[in-house]
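Colleague: Predicted coordinates and the sequence they were generated for:
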Amino acid sequence: MRKKIVAGNWKMNKTQSEIIELTTALSVALQKHELADNHEVIICPSLVYLSKVKDILAILADKKIKVGSQNCHTQNFGAYTGEVSAAMLKSLDVQYVLAGHSERRTYFGENNSIVKAKLDIALAQGLQVIFCCGESLTIREKEAHFDFIATQLEESLFHLTKEELKNIVIAYEPIWAIGTGVTASPEQAEEIHAHIRALLGKKYDETTAENTTILYGGSCKPTNAAQLFSQPNVDGGLIGGASLKADSFMGIIENL
Ligand code: 13P
């Protein structure tokens, strides 16, 4: 049975005291919530708070929340001022890292080949990767989104072996739905998720395709999570805004 995941991408939000409060509230709420064996909850705070969040979860003896980084560099060490590496994340016992998020692609010039290098170094360090893909509104209006996503997978992901792919979670995040309040309809999400799974089946095999977790991201909220997650190929969500409050994040997790 493939994993179902709700992951919170906290982006560049919150002060340290707010992060402590949110992490604690979430952990306490999750203690009362039964997570199925194949269900996972991940939080991705800003890099500066990763250690703090790990420490809080250790103090609370939290066994349910996994921690992810929002980014890593393509090299492990060296003269890259301001950057953080997969080796550093591994040394903090961080379990996941995001790669290919559209905000990194748009604001920091990350293209498919940079994303590919990030995937490789993260996997080599034993991290699991949430690989993000998704089209802009212009691409969707031209009806080029199926091919666009196929190219993103082809150029960043499909060099991996079947074995390596086991440590990849795919997140489909249409750019037009991120932070806009406009959510892809369950049918739109399902259509692309099925497309991604079919591409995995063609490139690898049916078992690999069936076992790969594909998340939806883009204005996912407690009010629309149930419908989105009920689609056969939607295995949970990568959540931005609605993960910044414990109750709304829990409201999404409850729909897994
Ligand atoms: P929102 O949920 O705020 O639309 O953000 C989605 C996202 O970018 C998660 O990575």
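Modeller: Ah, there it is. Remember, predicted model here, so these are calculated numbers, not experimental data.
Colleague: which parts of this protein sit against the ligand?
Modeller: 9, 101, 173, 178-179, 217-220, 238-242 (CB under 6 Å from any ligand atom). For glycine as for every other residue, the C-beta is placed from the backbone atoms N, C-alpha and C.
Colleague: Skip the chain neighbours and tell me the closest residue to the residue in the stretch 151-256 of the chain that the ligand sits nearest to.
Modeller: For the stretch 151-256 of the chain and the ligand, the shortest gap (CB to the nearest ligand atom) falls at residue 240, measuring 2.3 Å. With CB to CB, 6 or more residues apart in numbering as the criterion, residue 240 has its nearest non-adjacent residue at 5.3 Å, and that residue is residue 9.
Colleague: which ones are touching that neighbour?
Modeller: 44, 70, 98, 101, 217, 238, 239, 240, 243 (CB atoms under 8 Å, 6 or more residues apart in numbering).
Colleague: where are the low-confidence patches of the stretch 101-250 of the chain?
Modeller: Within the stretch 101-250 of the chain, no stretch has pLDDT under 70.
Colleague: and the residue nearest to residue 240, backbone torsions?
Modeller: Main-chain torsions, residue 9, degrees, to the nearest 10: phi -100, psi 100.
Colleague: bridging residues for it?
Modeller: Beta-bridge partners for residue 9, by DSSP bridges, are residue 44.
Colleague: Could you do residue 239 as well?
Modeller: For residue 239, the beta-bridge partners under DSSP bridges are residue 8.
Colleague: is it true that it touches residue 218?
Modeller: No: in this structure residue 239 lies outside contact range of residue 218 using CB atoms under 8 Å: 9.5 Å.
Colleague: Would you confirm that residue 100 contacts residue 110?
Modeller: Yes: in this structure, residue 100 is within contact of residue 110 by CB under 8 Å, at 7.1 Å.
Colleague: what's the overlap in contacts for the two?
Modeller: With CB under 8 Å, 6+ apart as the test, residue 100 and residue 110 both reach residue 118.
Colleague: any chance you could map the strands in the stretch 1-150 of the chain?
Modeller: Using DSSP state E, counting those that start in this stretch, the strands assigned to the stretch 1-150 of the chain run over residues 4-9, 39-44, 65-69, 96-99, 128-133.
Colleague: ok, the fourth one: who's next to it in the sheet?
Modeller: For strand 96-99, the paired strands and their directions (DSSP bridges) read strand 65-69 (parallel), strand 128-133 (parallel).
Colleague: any chance of those in a markdown table, plus mean neighbour count?
Modeller: Output for the strands paired with strand 96-99, formatted as a markdown table (neighbours: other CB atoms under 10 Å):
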| stretch | mean neighbour count |
| --- | --- |
| strand 65-69 | 22 |
| strand 128-133 | 25 |
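Colleague: What distance do you get for the residue nearest to residue 240 to residue 190?
Modeller: 22 Å (CB to CB, to the nearest Å).
Colleague: Same check on residue 237?
Modeller: Residue 237 sits 13 Å away from residue 190, going by CB to CB.
Colleague: So between those two, which is more surrounded?
Modeller: With neighbours defined as other CB atoms under 10 Å, residue 237 and residue 190 compare such that residue 237 has more, 30 against 18.
Colleague: From residue 153, how far out is residue 198?
Modeller: Distance from residue 198 to residue 153, counting by CB to CB: 11 Å.
Colleague: Compare those two (neighbour count), which wins?
Modeller: residue 153 (18 against 13).
Colleague: Surely that one is in contact with residue 146?
Modeller: No: using CB under 8 Å, residue 153 is not in contact with residue 146, being 11.1 Å away.
Colleague: Other residues contacting the longest helix seen in the chain?
Modeller: Counting residues, the longest helix in the chain under DSSP state H turns out to be helix 186-203. Under the contact criterion CB under 8 Å, 6+ apart, helix 186-203 has outside partners 133, 145-146, 149-150, 153, 158, 165, 170, 172, 174, 184, 208-210, 212, 214, 216, 227-228, 230-234.
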